[in-house]
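# any chance you can model this:
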Amino acid sequence: MRRQGVAVDEVPSLEGWNNFVLAVDQTIKEFSTNRELLEQSVKSTSLKLYQAYEDLKHESSLRLAQANLHQQELENLVQERTTELRNAQLHLEKINKRLEYEATHDELTGLANRNQLMRELNRCVVQLGTDADFGLCFFFIDFDRFKQINDRFGHLIGDKVLIHVTNHLSALISNTICFARLGGDEFVILMEKLEESEAIKLAQRINDTFTHPIQIHDTEIPISASVGIVLADMSYQSADEVVRDADIAMYRAKTTGNCYQLFDEEMRAEHLEEIELEGELEIAVREQQFRIKFEPIVDIKESTIFSIESLVRWTHPKKGIIPPDRFIPLAEELGLIIDIDRIVFAKACKQFRQWREHGIISPNQKFNVNLSCSQLQRSDIVPFLLRIVDMSDISPDDVVLEITESYLLADSELVMRNLNEINKLGFSIFVDDFGTGYSSLSYLAKYPIHGIKIDRSFVRDLEESTESKELIRSIIASRP
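As a prediction, the model looks like this:
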């Protein structure tokens, strides 16, 4: 420690010294050469201590300040201050590391997040353009009906499901460049180049892992995955292009039920058509470009028609008839399904009344019409149904409302309340496509269900499939 006199009227002091009573009593002042220590994460700093004397006002009177404190006491003060600054520095480093981790990792699963993925993917895309031997394999994984899992079981169980699938996916893969969760139920695996056959094998293993329901506590939760695959080469110019194409392939896998899909250029063209179709669908709703196709539902035993099913078709002014499997999923994504449902219901009711007036159908025949989950989750669905049947001069007893089985898995209180009210008013309720939503007959018993329509996948191979026969026998035997 060196002692020397200085010419200064007042030496600035950091507030930290206010905690040291001895230093304050002795008019000790401190000046740090690095005052922005904490903000700039400086690794070291210099401290200068001064003791002021009132009689040292002029340069001619400068003399060596004789400290009243022993040198050891001053050294102790410096040591304490240095320790305090070092602890603050370590605390700051810890905070910075935590912030850096949170900026690049998903909080729930601990996987890389979108920011980290895009950083790694951009680096790899640059390498694609400079290294002819380098290649990428990109998997985009989306878990089907995950929203319904959250709605039915709650977000706490939903989070446990995400952790479960993270652990299972981690066990399947190795030598990855990046394994990330993009958000929600979307996961990404980025690997160096794989042969097409190897990529497909990994996708199949992913699908096989989630074929059966998973166990969370005492609850069995059905889950399945759709996987989009991109084998990226030097034709890709950005990370966004890779993600876009993998997303397109994943969506194709989801809509076709193929579980996984390898991206090709034809998909990109079809995706552009889908984007075009979105705008055209909005116009179709405004202009009501929908017609109803009616099909009889026959009682084979009695050889009679006991109901007529109403099926929506989109009559496009240029593209002709567009089937529902092309535009219904799109309408659900765009929030247009409610408008389409209501257009179809009103048209079907009007046509049914006209047929009855002309004696084309008998008084005891009904008509079936689909009701989407979005409708059931609205508080105004019951007044709407009543208003349309009243305007059409028909009765709720004439109407059979068909609900897709998977919609009931949401287990919503509002859905239950609406179904009970609809039932009390005299509408019949059927479950459509039964067998595709992982529900059981005992589960459906909690709802006011009047009938079940078995999914075509079980009926198509009825003669050859023992499993399909057993399922249908069980359903028939369990009917009320």
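
# rest of the way, CA atoms for contacts and neighbours
Will do.

# buried residues of stretch 258-276, list them for me.
Buried residues in stretch 258-276, counted by 16 or more other CA atoms under 10 Å: Cys259, Tyr260, Gln261, Leu262, Phe263, His271.

# how many neighbours does the closest residue to the second one other than its chain neighbours have?
Okay, so that is Tyr260. Sequence neighbours aside, Val227 is the residue nearest to Tyr260 in space, at 4.4 Å (criterion: CA to CA, 6 or more residues apart in numbering). Counted by other CA atoms under 10 Å, the residues lying close to Val227 total 30.

# tell me the mean pLDDT for stretch 261-281?
In this model, stretch 261-281 has a mean pLDDT of 90.

# report the central residue of the chain.
Gly184 (2.6 Å; CA atoms, centre = their mean).

# re earlier: what's the farthest-apart pair in the buried residues of stretch 258-276?
Cys259 and His271 (18.2 Å; CA to CA).

# quick one, domains of the protein?
Following the assignment in automatic domain parsing, the chain carries domains at 15-104, 114-263, 272-477.

# by mean pLDDT, show me the worst of the ones you listed.
domain 15-104 (a mean of 57).

# show me where the stretch 351-480 of the chain has strands.
366-370, 399-404, 428-434, 451-454 (DSSP state E, counting those that start in this stretch).

# contact partners of stretch 96-106?
Contacts to stretch 96-106, defined as CA atoms under 8 Å, 6 or more residues apart in numbering, come from residues Leu111, Ala112, Asn113, Arg114, Asn115, Gln116, Ala180, Arg181.

# export only the CA atoms of it, formatted as CSV.
Extracted in CSV, the C-alpha atoms of stretch 96-106 (Å, rounded to 0.1, in the frame of the first residue of the first chain):
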residue,chain,number,x,y,z
ASN,A,96,-25.5,-13.8,-17.7
LYS,A,97,-25.1,-17.5,-18.1
ARG,A,98,-28.7,-18.1,-17.0
LEU,A,99,-30.0,-15.5,-19.4
GLU,A,100,-27.9,-16.9,-22.2
TYR,A,101,-29.3,-20.4,-21.5
GLU,A,102,-32.9,-19.2,-21.3
ALA,A,103,-32.4,-17.3,-24.6
THR,A,104,-31.4,-20.5,-26.4
HIS,A,105,-33.3,-23.3,-24.6
ASP,A,106,-36.9,-24.3,-24.0
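
# offset the numbering so it begins at 338, please.
Sure, I'll start counting at 338 from here, so that last one is stretch 433-443.

# buried ones in that stretch?
Neighbour-count burial for stretch 433-443, with 16+ other CA under 10 Å as criterion, is recorded at Tyr438, Thr441, His442, Asp443.

# can you lay out those residues as JSON lines showing distance to Asp730 and secondary structure?
Output for these, formatted as JSON lines (distance: CA to CA, whole Å; DSSP: H, G, I helix; E, B strand; the rest coil):
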{"residue": "Tyr438", "distance to Asp730": "65", "secondary structure": "helix"}
{"residue": "Thr441", "distance to Asp730": "62", "secondary structure": "helix"}
{"residue": "His442", "distance to Asp730": "60", "secondary structure": "strand"}
{"residue": "Asp443", "distance to Asp730": "57", "secondary structure": "coil"}
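
# any chance of those in JSON lines, plus distance to Lys656?
Shown next, in JSON lines, are these (distance: CA to CA, whole Å):
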{"residue": "Tyr438", "distance to Lys656": "51"}
{"residue": "Thr441", "distance to Lys656": "46"}
{"residue": "His442", "distance to Lys656": "46"}
{"residue": "Asp443", "distance to Lys656": "44"}
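
# Pro550: which of these is nearest?
When the buried residues of stretch 433-443 are compared against Pro550 (criterion: CA to CA), the nearest one is Asp443, at 24.9 Å.

# what sits against Phe471?
Here Phe471 is in contact with Gln464, Leu465, Glu529, Lys530, Asp570 (CA under 8 Å, 6+ apart).

# on that earlier part again, contacts only, for the residue nearest to the centre of the chain.
When contacts are counted by CA under 8 Å, 6+ apart, Gly521 touches no other residue.

# can you give me the neighbour number for Asp479?
By the measure other CA under 10 Å, the count of residues near Asp479 is 23.

# check which helix or strand covers it.
strand 473-480 (DSSP states H and E).

# what is that strand packed up against?
strand 523-529, strand 562-569, helix 576-593 (3 or more CA pairs under 8 Å, 6 or more residues apart in numbering; DSSP states H and E).

# so how far is Val736 from the closest residue to Ile731 other than its chain neighbours?
Nearest residue to Ile731, sequence neighbours excluded (CA to CA, 6+ apart): Arg690, at 6.5 Å. Distance of Arg690 to Val736, computed by CA to CA, to the nearest Å: 11 Å.

# higher neighbour count, the two?
Neighbour totals were compared for Arg690 and Val736, and Val736 leads with 25 against 18 (other CA under 10 Å).

# quick one: that one and Asn705 touch, right?
Yes: using CA atoms under 8 Å, Val736 is in contact with Asn705, at 6.1 Å.

# who touches the residue nearest to Tyr597 in this structure?
By CA under 8 Å, 6+ apart, the contact set of Val564 is Phe476, Phe477, Ile478, Asp479, Ala540, Ala586, Met587, Ala590, Lys591, Cys596, Tyr597, Gln598.
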